[in-house]
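A.B. asks: I would like to see how this sequence folds:
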Amino acid sequence: MWDNADMLNGCANALYVFAVAALIFAGGYALVHTPLLPLRTLTLQGELKHVTREQAERAARAGASGTFLSVDLDAVRSAFESLPWVRKVEVRRLWPDRLQVTIEEQVALARWGADAHSGRLVNTHGEVFEGELPAAVNLPQFAGPSGSAEEVARRYAAFRDALAPLALEPRQVLLSARYSWQLRLSNGLTLELGRDQLKEPVLQRLARFVAYYAQTLGKLQRKFEYADLRYPSGFALRVPEIMHSGREPKNVGNKRRSGEKA
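C.D. replies: Numbering: from 1, shown residues only. Predicted coordinates:
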């Protein structure tokens, strides 16, 4: 081996490369951990309505350790994302000694679940999250099977647009386990929309109700509590005083039979 010049040259080159790599690693490690580049400042950006200063300071202490170059950005991000009402966090290094943390808070669209006081909310992206709001905050209520929150939020927007000509809003949007839709409006009226069908989607039923509202319910000076829209050419009404007397619900439209549903 010692007489083989090529092998000796190969070993020498390998040792040289190893030494250079070790020097680079040592230099990089020293640079990353040098006290000459301390992390001095952490700034927050974002429209913050729910994250408090105390919560932000705790998250900063938990995640931001090390120098400007050695601080773990993922750890900082995770610490802030664990705070209530935080949806998304971005963390950037700003030379020479600052971290910038940009927080996107949850924006509550509705309360989620059959229990309006469960502490579960739906954001404007249709995502369910945990968050406390005062009971006086007047949000609509959504409910549906597991994993349906995004679809319920999307339909809420469509239902609200459809009802806009009547100056009414859906205050409850309920999707049953059989994927049947029910709305409770701002005037207290409950609308039974039923399930989507290829021949007649629920939005078509709602549009028909809106079109006939002024000619029917809008003319009557009485309170209605329930309307069943699951008929091909009309809808059935439940009037409180009639129901209390034991009589049948009032039928509106050109419904063929009282039991016929779309």
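
A.B. asks: and the helices in the stretch 101-250 of the chain?
C.D. replies: Assigned helices in the stretch 101-250 of the chain, in chain order: 149-163, 202-213, 240-245 (criterion: DSSP state H, counting those that start in this stretch).

A.B. asks: and stretch 183-199, C-alpha only, in CSV?
C.D. replies: Only the C-alpha atoms of stretch 183-199 are listed here, as CSV (Å, rounded to 0.1, in the frame of the first residue of the first chain):
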residue,chain,number,x,y,z
LEU,A,183,-83.5,26.5,8.0
ARG,A,184,-84.8,28.7,10.7
LEU,A,185,-85.1,32.3,9.5
SER,A,186,-84.7,35.6,11.3
ASN,A,187,-88.5,36.0,11.6
GLY,A,188,-88.8,32.7,13.4
LEU,A,189,-90.1,30.7,10.5
THR,A,190,-88.6,27.2,10.0
LEU,A,191,-88.3,26.0,6.4
GLU,A,192,-88.1,22.2,5.7
LEU,A,193,-86.1,21.9,2.5
GLY,A,194,-85.5,18.2,2.4
ARG,A,195,-82.7,16.5,0.5
ASP,A,196,-81.1,17.6,-2.7
GLN,A,197,-82.5,15.8,-5.7
LEU,A,198,-81.4,15.8,-9.3
LYS,A,199,-84.8,16.9,-10.5
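
A.B. asks: give me the buried positions along it.
C.D. replies: Of all the residues in stretch 183-199, those buried under the rule 16 or more other CB atoms under 10 Å are 183-185, 189-194. Just so you know, the C-beta spots here come from the backbone N, C-alpha and C atoms, and that holds for glycine as well.

A.B. asks: and the contacts of stretch 136-147?
C.D. replies: Residues from elsewhere that reach stretch 136-147, judged by CB atoms under 8 Å, 6 or more residues apart in numbering: 108-114, 116, 121-122, 133, 149, 151-153, 156, 169-177, 179.

A.B. asks: quick one, which of those residues are buried?
C.D. replies: 108-113, 121-122, 149, 152-153, 156, 170-175.

A.B. asks: pLDDT-wise, which helix or strand of the chain ranks last?
C.D. replies: Least confident helix or strand of the chain, by mean pLDDT, DSSP states H and E, is helix 5-33 with a mean of 45.

A.B. asks: mind checking the pLDDT average for the next helix or strand after that helix?
C.D. replies: Using DSSP states H and E, the helix or strand that follows helix 5-33 in sequence is strand 41-45. When pLDDT is averaged along strand 41-45, the result is 93.

A.B. asks: ok, stretch 181-190 next?
C.D. replies: Per-residue scores along stretch 181-190 average to 96.

A.B. asks: what segments of the protein are strands?
C.D. replies: Per DSSP state E, the chain carries strands over the ranges 41-45, 86-94, 98-105, 108-112, 120-123, 128-130, 141-143, 170-175, 180-185, 190-195, 226-228, 234-238, 250-253.
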